[in-house]
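**Student:** prediction below, plus the sequence it came from.
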Amino acid sequence: MIVSLCLWIAVFLPAALALPAPALDPALADENWVGLSLCAVVGLMGLVGGVAAHTHLSNLRLQRLLRDHAEAREALRESEARLRALADTAGVGIFMIQRGRLTLVNPALCALLGRDEAALMALNDPISLVHPDDRAVARARAQARERGQQTPQRYEIRLLGPEGREAWVELSAARVTAGDRPAIIGTVYDLTERRQIEEQIRHLAHHDALTGLPNRALFSDRLQQAMARAERDDHRVALLFVDLDRFKPINDTLGHAVGDLVLQTVARRLRASLRASDTVGRVGGDEFVVVLEPVNDVSDAVTVARKLRRSVALPIATEERDVSVSSSIGIALYPDHATTEVMLCQCADLAMYAAKRAGRDGVRLFDPEEMAGAPRESSSTPD
């Protein structure tokens, strides 16, 4: 039986408003098809709410069309629900960008960035979430993806977290189609904790665990760099060897805890007495080394060395009593006394032992004539 009816087709996605005909393709092929006229249906607020189709078709074909349409809408709702559930429970940040704006953000991303969903979705430019130093790279890769060009799918970048805090993340993104429109979907994995651990490992590899000063390896690198700059800029570098006098008895009688406190206090005092351009390191139990850069002449180095000696000699308060320790300091200049790292260290070392032989608690400048063939103090001699 042929019936005349008015069929309302509800449109789920905006893109479908302009394309009602494909939904009626099955009816067009039916032998009972008589005619079709289309008109826009204006709803409340003057908005286009759907499409009206006046047609004659069989009840069976109509029922099938409506059923397929309902099933498609239900499948889409279920798919979106699964995606939202996955995003909401994921431990990593998830986002989607369409037409330059965020259209999907999950709770993990909101927590990482310290903003709620509404604030993120209202952003005109998601690149504003990227650290200023990384924005050029992020924008170039986003534009390349939009053009369909090959870009690294995974890379590390800094985002701006709560109160401007930097957050290192691993960002993975890909170009997809969502609702018949191109989109960028991606994940954001927080690398902050991993970065902190890596930084701690690097620090421990190059710094003394007790005092936090550069260790022998890092100090050697700093000394080589200072010598290279001195050669380039035509200035001097002073190398100081600072050895604590009679530190072993303090360690033996008062215990290692007091000994550690003494070393930590000496390290702080040395560091506080130097310029930002200078370097102090710990290369042995009670042995410290200092690079002064630049120095104009010998008197500059001697003045600083005497200042360090006085600072070290100040009493150190412990739980039991105050402890005092003196130091013997040797000085060698680059390029006056040596032009290689090894020879410069030997010169400063010889000068330091000359200060010990002279009665300790003193400063000695390397003298090639005085110290030629001078024996280094044996380990059996009290320090």
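**Tutor:** Thanks, I have the structure now.

**Student:** nearest residue to the middle of the chain?
**Tutor:** Closest residue to the average C-alpha location of the chain: residue 168 at 4.4 Å, with Cα atoms, centre = their mean.

**Student:** what residues does stretch 105-118 touch?
**Tutor:** For stretch 105-118, contacts defined as Cβ atoms under 8 Å, 6 or more residues apart in numbering pick out 87-88, 90-95, 120-121, 129, 159-163, 165, 167, 169, 188, 190. For every residue, glycine as well, the C-beta is placed using N, CA and C.

**Student:** from the contact counts, what lies against the biggest strand by length in the chain?
**Tutor:** Assignment by DSSP state E gives strand 166-178 as the longest strand of the chain. Contacting strand 166-178 under the criterion 3 or more Cβ pairs under 8 Å, 6 or more residues apart in numbering; DSSP states H and E are the following elements: strand 93-98, helix 107-113, helix 135-146, strand 154-160, strand 181-190, helix 192-206.

**Student:** dump the second one to PDB, restricted to CA.
**Tutor:** Output of helix 107-113 as PDB, limited to C-alpha atoms (Å, rounded to 0.1, in the frame of the first residue of the first chain):
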ATOM      1  CA  PRO A 107      41.200  14.600  33.700                       C
ATOM      2  CA  ALA A 108      44.800  13.500  33.700                       C
ATOM      3  CA  LEU A 109      45.700  16.300  31.300                       C
ATOM      4  CA  CYS A 110      43.700  18.800  33.400                       C
ATOM      5  CA  ALA A 111      45.600  17.800  36.500                       C
ATOM      6  CA  LEU A 112      49.000  18.000  34.800                       C
ATOM      7  CA  LEU A 113      48.300  21.500  33.500                       C
END
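
**Student:** pull out the buried residues from it.
**Tutor:** Of the residues in helix 107-113, those scored as buried under the neighbour-count criterion (16 or more other Cβ atoms under 10 Å) are 108-110, 112-113.

**Student:** residue 132: how many residues sit nearby?
**Tutor:** A count of neighbours around residue 132, defined by other Cβ atoms under 10 Å, yields 9.

**Student:** quick one, grab the pLDDT at it.
**Tutor:** On pLDDT, residue 132 comes in at 93.

**Student:** of all the buried residues of helix 107-113, which comes closest to residue 249?
**Tutor:** Within the set of these, residue 112 lies nearest residue 249; the separation is 54.8 Å, counting by Cβ to Cβ.

**Student:** mind checking how far the nearest residue to residue 156 once chain neighbours are set aside is from residue 110?
**Tutor:** Distance criterion Cβ to Cβ, 6 or more residues apart in numbering; nearest residue to residue 156, sequence neighbours excluded, is residue 170 at 5.5 Å. If you measure residue 170 against residue 110 using Cβ to Cβ, to the nearest Å, the figure is 18 Å.

**Student:** check contacts around residue 178.
**Tutor:** Listed by Cβ under 8 Å, 6+ apart, the contact set of residue 178 reads 96, 98, 103, 185.

**Student:** partners of the helix or strand containing the third one in the sheet?
**Tutor:** For residue 103, the element it lies in under DSSP states H and E is strand 101-105. Neighbouring strands of strand 101-105 in its sheet, by DSSP bridges, are strand 93-98 (antiparallel).

**Student:** could you look up the SS state of residue 275?
**Tutor:** Here residue 275 takes the coil state, with states given by DSSP: H, G, I helix; E, B strand; the rest coil.

**Student:** what is the burial count for it?
**Tutor:** Burial of residue 275 is recorded as 10 neighbouring residues (other Cβ under 10 Å).

**Student:** can you tell me the closest non-neighbouring residue to it?
**Tutor:** residue 292 (8.0 Å).

**Student:** what about residue 242, distance to residue 282?
**Tutor:** If you go by Cβ to Cβ, the gap between residue 242 and residue 282 works out to 10 Å.

**Student:** mutual contacts of the two, please.
**Tutor:** Taking Cβ under 8 Å, 6+ apart as the contact rule, the neighbours common to residue 242 and residue 282 are 288-289.

**Student:** the closest residue to residue 169 other than its chain neighbours bridge partners, please.
**Tutor:** The shortest distance from residue 169 to any residue that is not its chain neighbour, by Cβ to Cβ, 6+ apart, is 5.0 Å, and that residue is residue 188. Note on residue 188: beta-bridge partners residue 93, residue 171, judged by DSSP bridges.

**Student:** touching, residue 352 and residue 364? I think so.
**Tutor:** Yes. With contact defined as Cβ atoms under 8 Å, residue 352 counts as touching residue 364 (7.0 Å).

**Student:** where in the stretch 101-250 of the chain is pLDDT low?
**Tutor:** By pLDDT under 70, the low-scoring segments of the stretch 101-250 of the chain are 179.

**Student:** picking that back up, now do the strand holding residue 103: distance to the chain's middle.
**Tutor:** For strand 101-105, the separation from the chain centroid amounts to 25 Å (computed by Cα atoms, centre = their mean, to the nearest Å).

**Student:** just stretch 96-107 next, same as before
**Tutor:** Remark: stretch 96-107 is offset 24 Å from the chain centroid, using Cα atoms, centre = their mean.

**Student:** ok, now stretch 167-182?
**Tutor:** Offset of stretch 167-182 from its chain centre (Cα atoms, centre = their mean): 22 Å.

**Student:** contacts for stretch 288-302?
**Tutor:** Residues from elsewhere that reach stretch 288-302, judged by Cβ under 8 Å, 6+ apart: 213, 219, 222-223, 226, 229-230, 233, 235-243, 266-267, 270, 274-275, 277-283, 304, 308, 331, 333, 336, 348, 363, 365.

**Student:** can you name the residues bridging to residue 175?
**Tutor:** For residue 175, the residues forming beta bridges with it (DSSP bridges) are residue 184.

**Student:** with residue 290 instead?
**Tutor:** Beta-bridge partners, per DSSP bridges, of residue 290: residue 240, residue 280.

**Student:** for residue 185, see how far away it is.
**Tutor:** In this view, residue 290 and residue 185 are 55 Å apart by Cβ to Cβ.

**Student:** still on that earlier bit, of the contacts of stretch 288-302, buried ones?
**Tutor:** Buried members of those, scored by 16+ other Cβ under 10 Å, are 213, 219, 222-223, 226, 230, 236-243, 266-267, 270, 274, 278-283, 304, 308, 331, 333, 336, 348, 363, 365.
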